[in-house]
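In: Just a sequence and a predicted model for now, questions to come.
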Amino acid sequence: VPAQVVQGSIPSGYIPKPVIVPDYIAKYPAIRSSEEKDRYRAVFNDQYSEYKELHSDVQATLKSPGLLTRLSLSRHGNASFCCRQELERIQRILQEYQRKKTDPTFLEKKERCEYLKNKLSHIKQKIQEYEKVMEWNDGYT
């Protein structure tokens, strides 16, 4: 939903949504030394392996029905499915997929994966900014 510009006074009863700033923004500000850069890089390397594992799990869960459909179509060509058993099997798998997508454990994994992705991107950006500044400063020292 696009933001609306309110002109004039704020309507009575209006409650603004809080802006939530992720903890890593404050915890990982601009880098000021090579030691600090090394610490950021260590955190990145340590948490990247957790991110890769979570990402792999989440993607495997999200891609399972598409894979199933492609396998079924390749077995039976583009024609309709050959029998009711095949349709029932696919329906069971799709129901299992829907159950997994709403499972609190899966949702927690997915949320943690997204958090780590954003955190690692932030840390990587800070490292790159520091390296760019240091590269620029090397020409003038």
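Out: That came through fine.

In: Counting by contacts, list what the helix or strand of the chain with the lowest mean pLDDT packs against.
Out: Sorting the helices and strands of the chain by mean pLDDT, DSSP states H and E puts helix 84-102 at the bottom, at a mean of 80. Counting contacts by 3 or more CB pairs under 8 Å, 6 or more residues apart in numbering; DSSP states H and E, helix 84-102 is packed against helix 34-76. In this view, the C-beta of every residue, glycine as well, is placed from N, C-alpha and C.

In: average pLDDT for the helix it packs on?
Out: Helix 34-76 carries an average pLDDT of 82.

In: burial count for the closest residue in space to Phe106 that isn't next to it in sequence?
Out: Leaving aside its sequence neighbours, Phe106 sits nearest to Lys100 (CB to CB, 6 or more residues apart in numbering; 5.5 Å). Residues near Lys100, counting by other CB atoms under 10 Å, number 14.
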